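> coordinates only, sequence not included:
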């Protein structure tokens, strides 16, 4: 509730109460003294649009300064004494309503204006014949009403055509704004719009345009500054699009000499500059260009050099300005071919450029290992002249020889590649030496695995069968010794010699061996 009291306290008599009158009087309110008391009370039912009051103090014996929203006025005397006249006008797109265009300050005993100040409002519908003007949605910038159907007719000189500059367009989803290329609703539709859209232009082919606005009768409340603002002006009528200007630091080419409908103009930039905007503009059927004029901006950075396969890169700055570096690091197993670091350099002629081409990461290649030779009495598996990096070469010895050294060698990658150890040798050995503890160690070394545990297993595997055979022979010997009643451990030298029955005389009966 809004109450305005003619005094300086809550007890002063009211001159306005919103419970009794919804709107303030157009002519305003005058106090009898130096004070107005404004009282505003709100409840908790919900939010409201609010209020705005303008107040003004003026001298006695003079009229107050007039005011018109969305308009202007001129006064014959800026102090507004009796006899002053004021003439009002509205801003483009608004119409004077509810008052006189000219008012006068009268009554010397109680100076006042003879008419109330007019109001400027954006109205629904109208006929506009000026060379340029503005069309506003009803009540702009306040919200337009529901269920409205407004029509504006725009008319310029017959040898001209109309350009429409739609600067604001914010409509509800059920509202519609339509432009007709003619003086009635049967003309060809230039465009039909709903919802919100950025600024754009339309060109009519004739000297007349009809604008129709329809709002949804069932829509909810509209917001402040929801509507449209359309500026229009007359432009020359011809059969070609307007000439396009050249752009700084660039040039243009045209698909044909005359800028007729369908002509394409292409813009280019000099080296060191890049195009901002579209490079192609086409002359439409309505003799307008398809887009805005582009520009050539100086290039201050290099383009992204790209990624090298099988690598990762370290970038000093993500936008690659002059001085930025990009370092490439190859994955394991690959080597770099080319420059590992690229630097963005500026050039006097042309734009910035990378210091080198994009490198490549190629598989790393190693020199092969040469055949280390076959040990005497030994063999190689496999046997070849060259062995690639990572290959394994195994050695073995012929029967009767023992392997001394590593039985398996690996070609270690490198520059140059090398064998993991020196080649072994095959040593000739007697039967007893082969089964001695020393040769058991040599046999253990010949096992490809080369581990201490595996060498021990080999020695046990050789020794156990020999031990079993020896025990078996000993057991048989003891058995037969008991059967013959002989001592088990009697040595042959302790008994009689097998040749004791031969006499001395007969020992040398053979004349071949007689002497003397």
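Looks like it arrived, so ask away. On a predicted model such as this, the values are computed, not experimentally measured, just so you know.
> just checking, what packs against the strand of greatest length in the chain?
Counting residues, the longest strand found in the chain (DSSP state E) is strand 160-170. In terms of contacts (3 or more C-beta pairs under 8 Å, 6 or more residues apart in numbering; DSSP states H and E), strand 160-170 is packed against strand 196-197, strand 200-203, strand 208-214, strand 228-236. For every residue, glycine as well, the C-beta is placed using N, CA and C.
> Recalculate using a threshold of 7 Å.
strand 196-197, strand 200-203, strand 228-236 (3 or more C-beta pairs under 7 Å, 6 or more residues apart in numbering; DSSP states H and E).
> Adjacent strands (with direction) for the last one?
The pairing partners recorded for strand 228-236 under DSSP bridges are strand 132-136 (antiparallel), strand 160-170 (antiparallel).
> Mean pLDDT for the ones you listed - can I get that in a markdown table?
As requested, the strands paired with strand 228-236 are exported to a markdown table (pLDDT from 0 to 100):
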| stretch | mean pLDDT |
| --- | --- |
| strand 132-136 | 96 |
| strand 160-170 | 93 |
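> Among these, which comes closest to residue 196?
Closest to residue 196 of the strands paired with strand 228-236 is strand 160-170 (C-beta to C-beta; 4.8 Å).
> What are the structural domain limits within the chain?
Segmentation of the chain into domains, based on automatic domain parsing, reads 1-52, 56-115, 126-236, 250-298, 311-363, 369-461.
> How much space separates the residue nearest the centre of the chain from residue 346?
The chain has residue 318 as the residue nearest its centroid, 11.8 Å off, counting by C-alpha atoms, centre = their mean. Plainly put, residue 318 is 19 Å away from residue 346 if you go by C-beta to C-beta, to the nearest Å.
> One more: residue 91?
From residue 91 to residue 346 the distance is 52 Å (C-beta to C-beta).
> quick one: the strands in the stretch 1-150 of the chain?
2-5, 14-17, 37-40, 71-75, 85-90, 95-97, 102-106, 112-113, 119-121, 126-128, 132-136, 149-155 (DSSP state E, counting those that start in this stretch).
> ok, and what's touching the second one?
Taking contacts as C-beta atoms under 7 Å, 6 or more residues apart in numbering, the residues outside strand 14-17 that touch it are 3-6, 24, 29.
> Contact partners for the closest residue to residue 273 other than its chain neighbours?
Of all residues not flanking residue 273 in the chain, residue 296 sits nearest, at 4.1 Å (C-beta to C-beta, 6 or more residues apart in numbering). Residues in contact with residue 296, defined by C-beta under 7 Å, 6+ apart, are 247-250, 269-270, 273, 275.
> Dihedrals phi and psi, residue 296?
Backbone torsions of residue 296, given as degrees, to the nearest 10, read phi -110, psi 120.
> With the one 3 residues further on instead?
Recorded main-chain torsions at residue 299 are phi -80, psi 130, according to degrees, to the nearest 10.
> Could you count how many residues lie near it?
19 (other C-beta atoms under 10 Å).
> Where do the helices of this structure begin and end?
In the chain, the helices defined using DSSP state H lie at 431-434, 437-446, 452-483, 504-507.
> Would you agree residue 185 is in contact with residue 211?
No: in this structure, residue 185 is not within contact of residue 211 by C-beta atoms under 7 Å, at 10.4 Å.
> more neighbours, the two?
Neighbours of residue 185 and residue 211, each counted by other C-beta under 10 Å, are more numerous for residue 211; the result is 22 against 11.
> which ones are touching the more buried one?
With C-beta under 7 Å, 6+ apart, residue 211 has these contacts: 135, 152, 154, 179, 230.
> quick one: the fourth one and residue 164 touch, right?
Looking back up the chat, that one is residue 179. Yes: taking contacts as C-beta under 7 Å, residue 179 lies within contact range of residue 164: 6.4 Å.
> Overlap in contacts, those two.
202, 209.
> And residue 401, how far from residue 378?
From residue 401 to residue 378 the distance is 7 Å (C-beta to C-beta).
> list the contacts for the nearest residue to residue 246 once chain neighbours are set aside?
Excluding its sequence neighbours, the residue lying closest to residue 246 (C-beta to C-beta, 6+ apart) is residue 252, at 6.3 Å. Residues near residue 252 by C-beta under 7 Å, 6+ apart: 244, 246, 265-267.
> What's the per-residue pLDDT of residue 516 here?
Looking at residue 516, its pLDDT reads 36.
> Enumerate every residue touching the nearest residue to residue 197 once chain neighbours are set aside.
Among residues not flanking residue 197 along the chain, residue 169 sits closest, at 4.7 Å (C-beta to C-beta, 6+ apart). With contact set as C-beta under 7 Å, 6+ apart, residue 169 has these partners: 177, 193, 196-197, 228.
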